[in-house]
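> starting from these lines, generate the structure:
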Amino acid sequence: MKKVFLMMTGVALSAGVWAQSNQTERDVEDEMEQAQEEIEDALEEAFDEIEDVLEDIDVENLVNIRMGNRQFTLDQEGNWNWDDDDDDYRKRRRFRTEDSWNLEVGLNNVLTDIVAFPIDQPYNLSTWESHYIALARNYSTKLAGPLYMEYGASVSWYNFVFDDADVRAMRGADEIEFSYDTSDIVHIRSKIQAPYVNVHFVPVLDLSKGTLDRSYQGKGFRIGAGGYAGYRIGGRTKVVFEDNGDRQRLRDTDNLFLENFRYGVRGQIGFRGVDLFLNYDLNEVFASGRGPELNAFSFGLVF
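Sure, this is the predicted structure:
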């Protein structure tokens, strides 16, 4: 009996342990199922929040860069905006300076002190042969609304071609002298050439559509007026003639009493990629008391 009792006791204990083990496994399974449900609910809520955030994103702001306490944003129109955290308000600003190389090609002439051409004088010029050329590095910066400032530097050449190819310009003792060559040589061209380095500043109104919201692109009608100043970096005379059927060139680099400094007013009007310009020198071509009182002007196209 004692053995039977012990055996029955052992069986009962084993059954109890087995039952407890089965109960523990069921509890674990229930807890795992509950945890899985909680995870799924959390993921669903997270996805809902992400969708809400995506709906609120401004698709026009494509690029964001933070530098220190400033955040720069590039929108779809290519405009840079920045937000200054220190001031606690948004400031809108575009990097609106554009640069380009410009070629100015046109004609030049001179006017007397009574604003007339010196028709009856030996230094009367041939307008269609007197070419003006300039190579400029130009910058355009937006100031406000449709107002821009064009500025830069250039190298320019005056070519004063005399209407009468027999005219000679020479340096005299105190002033420039003009004379006529009466030899039998066939004269083709006689001119004075004067190169300058210049700076210019021209406020421009760009009246093209969309100017208030876009950087300066030169795609519409524009008009401007400003000024310039320059310094002469040379000067010479050049005579082209034929001698026994051969074309010859004679150059003279003597100082012709040309004015060293140049300054004047400039106007320009343009549409899209081409501008018309007009320059008028307020200074005289020759130094005071060293030659006739003449003011140079030029006009042409800017490419």
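> send me stretch 281-296 as CSV with only the CA atoms.
Only the C-alpha atoms of stretch 281-296 are listed here, as CSV (Å, rounded to 0.1, in the frame of the first residue of the first chain):
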residue,chain,number,x,y,z
ASP,A,281,31.0,112.0,-74.1
LEU,A,282,30.8,115.0,-71.9
ASN,A,283,34.5,115.5,-72.2
GLU,A,284,36.1,116.8,-75.4
VAL,A,285,38.1,114.6,-77.7
PHE,A,286,41.2,116.7,-77.4
ALA,A,287,42.8,118.2,-74.3
SER,A,288,41.7,121.8,-73.6
GLY,A,289,43.4,124.2,-75.9
ARG,A,290,45.2,121.4,-77.8
GLY,A,291,42.7,120.9,-80.6
PRO,A,292,39.2,121.7,-81.9
GLU,A,293,36.3,121.6,-79.4
LEU,A,294,34.6,118.3,-80.3
ASN,A,295,32.5,115.8,-78.3
ALA,A,296,32.4,112.2,-79.4
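> can you name the residues that contact Leu205?
The neighbourhood of Leu205, defined by C-beta atoms under 8 Å, 6 or more residues apart in numbering, consists of Pro146, Leu147, Tyr148, Arg222, Ile223, Gly224. Any C-beta I mention is one placed from the backbone N, CA and C, and that applies to glycine too.
> I'd like the next helix or strand past the host helix or strand of it.
Secondary-structure assignment from DSSP states H and E places Leu205 in strand 186-206. The helix or strand immediately downstream of strand 186-206 is strand 221-232, counting by DSSP H and E.
> can you tell me how far Asp275 is from Asp246?
Between Asp275 and Asp246 the distance, using C-beta to C-beta, to the nearest Å, works out to 42 Å.
> about what we covered before: most neighbours out of the contacts of Leu205, which is it?
By neighbour count, taken as other C-beta atoms under 10 Å, the most surrounded of the contacts of Leu205 turns out to be Tyr148 (26 neighbours).
> of Asp275 and Asp246, which one has the most company?
When Asp275 and Asp246 are compared on other C-beta under 10 Å, the one with more neighbours turns out to be Asp275, at 22 against 7.
> doesn't that one lie inside a helix?
No: membership of Asp275 in a helix is not supported by DSSP: H, G, I helix; E, B strand; the rest coil, which gives strand.
> quickly list what the closest residue to it other than its chain neighbours is bridged to.
With sequence-adjacent residues excluded and distances taken as C-beta to C-beta, 6 or more residues apart in numbering, Asp275 is closest to Val302, at 4.0 Å. Per DSSP bridges, the residues bridged to Val302 are Glu104, Asp275.
> would you mind measuring from Val302 to Asn279?
Plainly put, Val302 is 11 Å away from Asn279 if you go by C-beta to C-beta.
> from the contacts of Leu205, pick the one nearest Val199.
Ranked by distance to Val199 (C-beta to C-beta), the contacts of Leu205 are led by Gly224 at 15.6 Å.
> so what's the residue nearest to that closest one when sequence neighbours are not counted up against?
Nearest non-adjacent residue to Gly224, counting by C-beta to C-beta, 6+ apart: Val204, 3.5 Å away. Shown in contact with Val204 (C-beta under 8 Å, 6+ apart): Ser140, Leu147, Tyr148, Met149, Glu150, Arg222, Ile223, Gly224, Gln268.
> picking up where we left off before, between Val302 and Asn279, which has more neighbouring residues?
Neighbour count, other C-beta under 10 Å: between Val302 and Asn279, Asn279 has more, with 25 against 18.
> show me what contacts the more buried one?
With contacts defined as C-beta under 8 Å, 6+ apart, Asn279 is in contact with Tyr228, Gly264, Val265, Arg266, Phe297, Ser298, Phe299.
> could you flag which of those are buried?
Neighbour-count burial within the contacts of Asn279 applies to Tyr228, Gly264, Arg266, Phe297, Ser298, Phe299; the criterion is 16 or more other C-beta atoms under 10 Å.
> from these, which is closest to Val240?
Of all the buried ones among the contacts of Asn279, Ser298 has the smallest distance to Val240: 22.0 Å, by C-beta to C-beta.
> what's the helix or strand for that closest one?
Applying DSSP H and E as the criterion places Ser298 in strand 295-302.
> and that strand, what other elements does it pack with?
Where contact means 3 or more C-beta pairs under 8 Å, 6 or more residues apart in numbering; DSSP states H and E, strand 295-302 is packed against strand 97-111, strand 131-144, strand 147-161, strand 274-281.
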